[in-house]
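>>> Need a 3D model of the sequence below.
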Amino acid sequence: MSEDRKYFEVVVQGQYHALNDVSGTPTLKNYKETFILPSQESALSAICKHLLSPRLKKTHADFIRFRTHELVSITLKGYKPNAEVLQLDIDEMSLLELSDFCILRQLMIDPYKHSAKDIFAIREMVKKAYLTKRQAAKDNRESKASVENTEAETLRKANGLESQSKDIQINENEHKATQAMRAKEKTHDPEGPAPTIGPVEPADEPLPPVEQDDPNAEPSIE
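Residues are numbered from 1 along each chain as shown. Have a look, this model is predicted:
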């Protein structure tokens with residue numbers, strides 16, 4: 001594959017049924033294969049339908065059929081997407097910009113495969129894929145946090161410690177104190193003079209009061 005064209009290296013691993021040379025009965029073995037695809041969209045599906053069995057037959061003489069398949073990684077080769085598209089609005093992207101956006105955000109969709117559709121429909125497809133991935137990532141983080149909180153609470157109880165809710169209140173108080181300190185720091189003029197380090201010189205003596213003219217005195221003529 002020429003290096004001046006965009007393509008994807010897709011790594012797939014899993015198990016396959018193999019023929020045992022001794023007993024003649026099937027057994028399970030592991031495999032890991034790398035494939036070249038022009039698009040990342042439906043990569044695993046395309047590999048399983050068209051490439052996986054022929055490849056395993058070629059690389060494993062004892063291959064009968066594959067049992068499992070897992071997508072390990074997808075790596076873009078021969079092309080560098082424009083990272084500036086991440087600052088653009090999806091509703092204003094061109095087909096090329098949509099493609100670069102999908103690559104950079106690792107969205108399993110190739111806008112060029114849908115180029116026959118209206119550009120507005122393609123933008124909506126990309127937007128939906130992006131929002132779906134963000135929501136899935138958020139749900140995954142919340143699920144992990146929930147499991148960790150449950151485990152932490154179990155450990156606390158087993159060790160006779162207070163529940164986590166009280167610690168959260170302490171953290172909130174610490175946060176409030178930090179916010180107050182930051183608000184106080186903001187009152188200092190960052191452009192003002194730096195504080196003096198060392199002995200402070202005495203202030204100048206105050207000037208004597210200005211003598212007031214006597215309103216009853218005769219005006220002097222010099």
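>>> now the helices for the chain?
43-46, 52-59, 95-104, 119-158, 164-186 (DSSP state H).
>>> which stretch in those has the least confidence?
Mean pLDDT per stretch puts helix 164-186 lowest among the helices of the chain, at a mean of 63.
>>> before we move on, the earlier item: can you tell me which of the helices of the chain comes nearest to V22?
Smallest distance to V22 across the helices of the chain (CB to CB): 20.9 Å, for helix 52-59. The way it works is simple: take the backbone N, C-alpha and C, and place the C-beta from them, glycine included.
>>> How is this protein divided into domains?
Using automatic domain parsing, the domain ranges for the chain come out as 1-79, 80-159.
>>> thinking again about what came up before, if you compare the helices of the chain, which one is most tucked away?
Mean neighbour counts were taken over the helices of the chain using mean count of other CB atoms under 10 Å, and the top value, a mean of 20, falls to helix 95-104.
>>> Show me the contact partners of that one.
40, 76, 81-83, 85-86, 88, 90, 93, 107, 109-112, 115, 119, 122-123, 126, 129-130 (CB atoms under 8 Å, 6 or more residues apart in numbering).
>>> Inside strands: which ones of the residues you listed?
Members of those lying in strands (criterion: DSSP state E): L76.
>>> related to what we said a few turns ago, any chance of TSV for the helices of the chain, columns distance to T34?
Below are the helices of the chain laid out as TSV (distance: least, CB to CB, whole Å):
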stretch	distance to T34
helix 43-46	12
helix 52-59	9
helix 95-104	19
helix 119-158	24
helix 164-186	45
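>>> Could you point out which of those helices sits nearest S23?
helix 52-59 (20.8 Å).
>>> now the domains of the chain in a markdown table, with distance to T178?
Output for the domains of the chain, formatted as a markdown table (distance: least, CB to CB, whole Å):
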| stretch | distance to T178 |
| --- | --- |
| domain 1-79 | 41 |
| domain 80-159 | 22 |
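>>> And those domains: which comes nearest Q179?
Using CB to CB, the domains of the chain put domain 80-159 closest to Q179, at 23.3 Å.
>>> Pull the number of nearby residues for G14.
Around G14 there are 18 other residues, counting by other CB atoms under 10 Å.
>>> Run through who's touching stretch 12-19.
Residues contacting stretch 12-19 (CB under 8 Å, 6+ apart): 25-35, 44, 47, 52, 56, 60, 62-72.
>>> 10 Å instead, please
Contacts with stretch 12-19, where a contact means CB atoms under 10 Å, 6 or more residues apart in numbering, come from 25-35, 43-44, 47-48, 51-53, 55-57, 60-73.
>>> repeat for stretch 77-92
So stretch 77-92 is contacted by 1-9, 36, 93-94, 96-105, 120, 122-124, 126-127, 130-131 (CB under 10 Å, 6+ apart).
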